[in-house]
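Trainee: give me coordinates for this.
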Amino acid sequence: MNEIPPKSKIHQRMSSRLQAAKDAHRKRHSTTGFEFAIADRIDYLPTKYWDAVTKGQSWFLSSEYLRILEQAMPEGLSGRYALLFADRRPVAAIAAQVLEINGAKILAETTVDTAGELSVPKSVREKLRGVVRKAASNVKGRAVSRLRGRILVCGNLLSWGQHAVAFADGYSREALWAGVAEALYRIRRAERLAGQTDLVMIKDLTDAESVGVAELDSFDYRTVETDPNMVLEVPPHWKSFDDYLNDLASKYRSGARKIIRDTEACGIRLEVVTDLKPYCRQIYRLYENVHHKAAIRPISLSPDYLPALAAHACDVFRCTIAKLGDEIVGFITSIRDGDTSVGYYIGFDYSVNERAPLYFRLLQICIDDAIAFGCRRISYGRTALDPKARMGAKPEPMHIRIRHRHPIINWLIRGLLESIPHDEAPIRTPFRP
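Mentor: As a prediction, this is how the structure comes out:
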């Protein structure tokens, strides 16, 4: 009798993948066993349950912050919240947002900003505006202007970091991430009356916060690496900015002191302010200067957002303004988030920055803020990687998870997302050994 030949390795791999696909399909179409409470406003959920899960975690997940955000929510953005329950106990909290995509608005902003950002003569800017307006009238422009859509974002588009979910202790992270996937599915399905939501994104995850997140692979979430968050560690012996300077190597210390001398020589004065209402218009104009230079701007802050933070979160919020004469020419804000000081929104006058290193001086202020907060690190965000590396910040890798509701498109997204480039932070060693 002839023996049955063993299966080839290729056949075994194909069988294994097919079985994995079947298991994943079954999991996506089954409930996780959790119970859910879903709301459009944070106050529609019991505060005691929400705070029980989020206490001790990111301030951006606190009910206090989410109420402030709702008071000054940007146009086109709205909040969604969910609590997961097991045995009638809250075990996970989810903060999400629905982003409305308006193609006509995107096209209009591009028309203005493309012409406004370039340092060219007025006649040339007018010609450029005409070119953009003409492009807007062609087939592609008309298609963009008609673009409408909705994206469900698990996290916060006004911040960076893991401000998406909070988990209670004592439960499997794999099971809770599966519960998050089910909650997002329920939210997306509930949104159908308001409009189709094709894309779901979970932002921003670090390696340290990714325990159990691989469970999302079973729900067809794709991983996309983003630009790193630049983080500066704050040693306990830093009690003032001078202590930071003393730890720098000679070359970097001289450069840091020159930044201070040059801004002072230009006549720029720095002042910590607690009430932003008198400066609301100037600060918002300076914010827009920086914001409009970003290549991708899914949302813009509301003019009331930073003043609302200053008014209602004064114990964790600091704002420093830079004055030249009586004019405000720059500002920077910091937020205490546990033992991390977040170098938050910044704005400055680019013409003044050409005369003095105003931007770099504002970055230095974040060190003063972190020391005043008693924090052990500074989160500088994902832009201007080289200047922040020169200050001593190191890159912290981050990624997002993304999923499209159409299986075929979701499959195609994998190759597209893998081709998206992201910046690599330069290697700097500014501190003395």
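
Trainee: okay, now the unreliable bits of the stretch 151-300 of the chain?
Mentor: 295-296 (pLDDT under 70).

Trainee: again, 90 this time
Mentor: Along the stretch 151-300 of the chain, segments meeting pLDDT under 90 span 191-199, 207-210, 222-227, 292-299.

Trainee: what number of residues lie near residue 280?
Mentor: Per other CB atoms under 10 Å, the neighbour tally for residue 280 reads 15. (Each C-beta comes from the backbone N, C-alpha and C, glycine too.)

Trainee: I meant to write residue 207 there.
Mentor: 11.

Trainee: is it true that it touches residue 397?
Mentor: Yes - counting by CB atoms under 8 Å, residue 207 touches residue 397, with 6.4 Å between them.

Trainee: which neighbours do those two have in common?
Mentor: Counting by CB atoms under 8 Å, 6 or more residues apart in numbering, residue 207 and residue 397 have no shared contacts at all.

Trainee: pull the contacting residues for residue 345.
Mentor: Counting by CB under 8 Å, 6+ apart, the residues that residue 345 touches are 287, 301, 306, 332-333.

Trainee: TSV for the residues you listed, including neighbour count?
Mentor: Shown next, in TSV, are the contacts of residue 345 (neighbours: other CB atoms under 10 Å):
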residue	neighbour count
287	21
301	15
306	24
332	25
333	25
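
Trainee: any chance of a markdown table for these, columns distance to residue 357 and secondary structure?
Mentor: Formatted as a markdown table, the contacts of residue 345 follow (distance: CB to CB, whole Å; DSSP: H, G, I helix; E, B strand; the rest coil):
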| residue | distance to residue 357 | secondary structure |
| --- | --- | --- |
| 287 | 20 | helix |
| 301 | 25 | coil |
| 306 | 24 | helix |
| 332 | 14 | strand |
| 333 | 19 | strand |
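
Trainee: possible to save those residues as TSV with distance to residue 202?
Mentor: Output for those, formatted as TSV (distance: CB to CB, whole Å):
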residue	distance to residue 202
287	27
301	22
306	26
332	29
333	26
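
Trainee: how about the residues you listed, which pair is most distant?
Mentor: 301 and 332 (14.4 Å; CB to CB).

Trainee: how does the chain divide into domains?
Mentor: Here the domain parsing of the chain from automatic domain parsing is 27-102+145-226+398-418, 230-396.

Trainee: among those domains, which comes closest to residue 424?
Mentor: The nearest among these, by CB to CB, is domain 230-396 at 7.8 Å.

Trainee: surely residue 343 forms part of a strand?
Mentor: Yes - checked against DSSP: H, G, I helix; E, B strand; the rest coil, residue 343 lies within a strand.

Trainee: so what's the nearest residue to it once chain neighbours are set aside up against?
Mentor: Spatial nearest neighbour of residue 343, chain neighbours left out: residue 366 (4.0 Å); criterion: CB to CB, 6 or more residues apart in numbering. The contact partners of residue 366, by CB under 8 Å, 6+ apart, come to 232, 332, 334, 341, 343, 378, 380.

Trainee: okay, how far is it across stretch 68-79, tip to tip?
Mentor: With CA to CA, to the nearest Å as the measure, the ends of stretch 68-79 fall 12 Å from one another.

Trainee: need the contact partners of that stretch.
Mentor: 40-42, 66, 95-102, 105, 156-158, 299-302, 304-305, 308-309, 312-313.

Trainee: what about the residues you listed, which are in strands?
Mentor: 95-102 (DSSP state E).

Trainee: make TSV out of those residues and add pLDDT and distance to residue 271.
Mentor: Compiled in TSV, those are given as follows (pLDDT from 0 to 100; distance: CB to CB, whole Å):
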residue	pLDDT	distance to residue 271
95	98	34
96	98	37
97	97	34
98	96	38
99	93	35
100	88	38
101	77	39
102	64	38
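
Trainee: list the buried residues in stretch 234-245.
Mentor: Using 16 or more other CB atoms under 10 Å as the burial criterion, the residues of stretch 234-245 that qualify are 234, 238, 244-245.

Trainee: brain fart, stretch 277-295
Mentor: Those would be 279, 282-284, 286-287, 289-291, for stretch 277-295 by 16+ other CB under 10 Å.

Trainee: about what we covered before: in a markdown table, list the buried residues of stretch 234-245 along with distance to residue 265 and secondary structure.
Mentor: As requested, these are exported to a markdown table (distance: CB to CB, whole Å; three-state DSSP):
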| residue | distance to residue 265 | secondary structure |
| --- | --- | --- |
| 234 | 28 | coil |
| 238 | 26 | coil |
| 244 | 21 | helix |
| 245 | 18 | helix |
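
Trainee: these: which two are farthest apart?
Mentor: Spatially, the most separated pair among the buried residues of stretch 234-245 is 234 and 245, at 13.7 Å (CB to CB).

Trainee: what number of residues lie near the closest residue in space to residue 314 that isn't next to it in sequence?
Mentor: Spatial nearest neighbour of residue 314, chain neighbours left out: residue 274 (6.1 Å); criterion: CB to CB, 6+ apart. Other residues lying near residue 274 total 10 when counted by other CB under 10 Å.

Trainee: cool, residue 74 as well?
Mentor: 17.

Trainee: excluding residues flanking it in the chain, which one is nearest it?
Mentor: residue 299 (4.5 Å).

Trainee: at the geometric centre of the chain, which residue do we find?
Mentor: Central residue of the chain (CA atoms, centre = their mean): residue 160, 2.8 Å from the mean position.

Trainee: tell me the SS of that one?
Mentor: Per three-state DSSP, residue 160 ends up coil.

Trainee: can you tell me how far it sits from residue 379?
Mentor: Counting by CB to CB, to the nearest Å, the separation of residue 160 from residue 379 is 7 Å.

Trainee: over to residue 333?
Mentor: Counting by CB to CB, the separation of residue 333 from residue 379 is 13 Å.

Trainee: settle this for me: residue 392 is touching residue 432, isn't it.
Mentor: No - between residue 392 and residue 432 no contact is recorded; they are 11.0 Å apart, counting by CB under 8 Å.

Trainee: which residues do these two both contact?
Mentor: residue 248.

Trainee: the more surrounded of those two?
Mentor: For residue 392 versus residue 432, neighbours defined as other CB under 10 Å are more numerous around residue 392 (22 against 11).

Trainee: show me what contacts the residue nearest to the more buried one when sequence neighbours are not counted?
Mentor: What sits nearest to residue 392 in space, not counting adjacent residues and going by CB to CB, 6+ apart, is residue 430, at 4.9 Å. Going by CB under 8 Å, 6+ apart, residue 430 touches 248-249, 252, 390-392.
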